[in-house]
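K.L.:
quick one, structure for this:
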Amino acid sequence: MSALREAAVVLMLLGLSVWPTADVRAAEQGGSPPGQQARAYGVDVGLVRLSVTARTTKGALVSDLEPEEFEVLEEGMRQQVVRFGHHEAPISVVVLFDKSASMRDEKLMHAKDGALNFVRALRAQDEALVVAFSEAVDVLGNFGLDRRALERATKSIRAESGTRLYDAVLEGVRALAAPGRKEKCALLILSDGEDTASAATLEETVEGARRAGVPFYAIGIEMDEEDSGPNFAPPGSHRAREDGSRLGFDPPGKKLDPRPVRKPRAGPSQAIRALTRLTEGTGGWTYRIVAARRCKEVCLRVAEELRSQYLLGYLPSDGVREGRWRTVVVRTSRPGVMLTTRAGYYAASP
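P.N.:
The predicted model follows:
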């Protein structure tokens, strides 16, 4: 079986979600789910899971929403939330690290520093896996939170030729789909270049991202002569402008270290636009940095967002599982709060 067909099989299996069986039983019996995180886990092919980020209109994370303040709509129909989690929910993260030749010297150094600090920001119940890619895709170890092992794996990365970004993304999706992963999952990409060697196409990889059902984050490292500082889009902004002045899914939040812009910033490259397409609609974002030293800062923002995300689960009210795309919208009754999650999911056929 080809690598692409294997990826397609795995993505189809992503319709299986691992969830606390106590919550599912409560929903089926018409009762309320337990308030605490269940310890026994089982497989339920109908439960849909959503990682949801809540921010104020000024970009500050909101961490005190209650279950009754959420409303989930699927295809316009209101759904009953039967699973709610927040800070206690553990996370599995795949970190995709571009080690192509263009990532040498300063970019490689700062990207390593960002990845290391991201891993250090994870909690004891979380786990991470580092996948490095150039003309080959190398899985560096196994999932876990042995910080020394993860640091050794990251520090061992050396720049090489070729960029198989799309193949690496599908490898990350396969890893997150494997049994034993945590309740919340995410994928983080650190890259500076266009794909040059993948067997997969951009369209196939975008489809894989949609089917994965987890937030994708990407940090695009592009070196300019001067750094004009981070450029945060307003919450909810998710498309690149044609003039390139803003990118889709910039992380919302307050501006850091504002300074006068001395020269116009160049528009996003084709590589950055590809990264934006990969993260768009997943509940994550792409952030372009023009100074490699900002990599650590943005990696820590990703870690903070993942820790603050809410976990919602529901059983679709119509029970239809015909394999087509189903649109999902999450709202909150609290004024001044904006929510971000994936745009929908593919209902796996029975």
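K.L.:
so the closest residue in space to Thr196 that isn't next to it in sequence: helix, strand or coil?
P.N.:
Spatial nearest neighbour of Thr196, chain neighbours left out: Thr163 (4.6 Å); criterion: CB to CB, 6 or more residues apart in numbering. Every C-beta, even on glycine, is put in place using the N, C-alpha and C of the backbone. When classified by DSSP: H, G, I helix; E, B strand; the rest coil, Thr163 comes out as coil.
K.L.:
for Thr163, give its distance to Arg294.
P.N.:
According to CB to CB, to the nearest Å, Thr163 stands 21 Å off from Arg294.
K.L.:
the more surrounded of these two?
P.N.:
The neighbour count for Thr163 versus Arg294, taken as other CB atoms under 10 Å, is higher for Thr163 (26 against 20).
K.L.:
contact partners for the more buried one?
P.N.:
By CB atoms under 8 Å, 6 or more residues apart in numbering, Thr163 lies in contact with 98, 100, 133-135, 191, 193-197.
K.L.:
how much space separates Ala209 from Arg104?
P.N.:
Distance from Ala209 to Arg104, by CB to CB: 28 Å.
K.L.:
for Phe118, same thing?
P.N.:
From Phe118 to Arg104 the distance is 21 Å (CB to CB).
K.L.:
same question for Tyr287.
P.N.:
22 Å.
K.L.:
cool, and Pro179?
P.N.:
37 Å.
K.L.:
next: Ile189.
P.N.:
Counting by CB to CB, the gap from Ile189 to Arg104 is 18 Å.
K.L.:
more neighbours, these two?
P.N.:
Under the criterion of other CB under 10 Å, the comparison of Ile189 against Arg104 puts Ile189 first, with 25 against 13.
K.L.:
which of the three states applies to the more buried one?
P.N.:
Quick answer, by three-state DSSP: Ile189 is strand.
K.L.:
same check, this time on the one 4 residues further on
P.N.:
Per three-state DSSP, the local secondary structure of Gly193 is coil.
K.L.:
okay, it: pLDDT?
P.N.:
pLDDT recorded at Gly193 is 76.
K.L.:
so it sits against Arg104, correct?
P.N.:
No: if you go by CB atoms under 8 Å, Gly193 and Arg104 don't touch, sitting 11.6 Å apart.
K.L.:
and the nearest residue to Ser198 once chain neighbours are set aside, how far from Thr205?
P.N.:
Distances taken as CB to CB, 6+ apart put Tyr166 closest to Ser198, at 3.9 Å, once the chain neighbours are dropped. According to CB to CB, Tyr166 stands 4 Å off from Thr205.
K.L.:
same question for Ile91.
P.N.:
23 Å.
K.L.:
Gln270 too?
P.N.:
15 Å.
K.L.:
find the nearest non-adjacent residue to Glu222, please.
P.N.:
Val290 (5.6 Å).
K.L.:
and His110, by the same measure?
P.N.:
Here the residue nearest His110, using CB to CB, 6+ apart, is Ala292, at 3.8 Å.
K.L.:
same question, Ala274
P.N.:
That would be Leu202: by CB to CB, 6+ apart, it lies 5.7 Å from Ala274.
K.L.:
which residues in this structure form helices?
P.N.:
Listed in chain order, the helices of the chain (DSSP state H) span 3-13, 21-28, 106-120, 147-155, 165-177, 202-212, 270-279, 295-308.
K.L.:
how about stretch 328-337: buried residues?
P.N.:
Buried residues in stretch 328-337, counted by 16 or more other CB atoms under 10 Å: 328, 330, 332, 337.
K.L.:
now do the same contact list for the third one.
P.N.:
What that stands for is Thr332. Applying CB under 8 Å, 6+ apart, the residues contacting Thr332 are 54, 65, 69-71, 339.
K.L.:
what about it, distance to His86?
P.N.:
Counting by CB to CB, the gap from Thr332 to His86 is 14 Å.
K.L.:
again, but for the second one
P.N.:
Relative to His86, Val330 is positioned 14 Å away (CB to CB).
K.L.:
same deal with the last one?
P.N.:
Between Val337 and His86 the distance is 14 Å, computed by CB to CB.
K.L.:
low pLDDT regions in this protein?
P.N.:
Along the chain, segments meeting pLDDT under 70 span 1-45, 223-267, 349-350.
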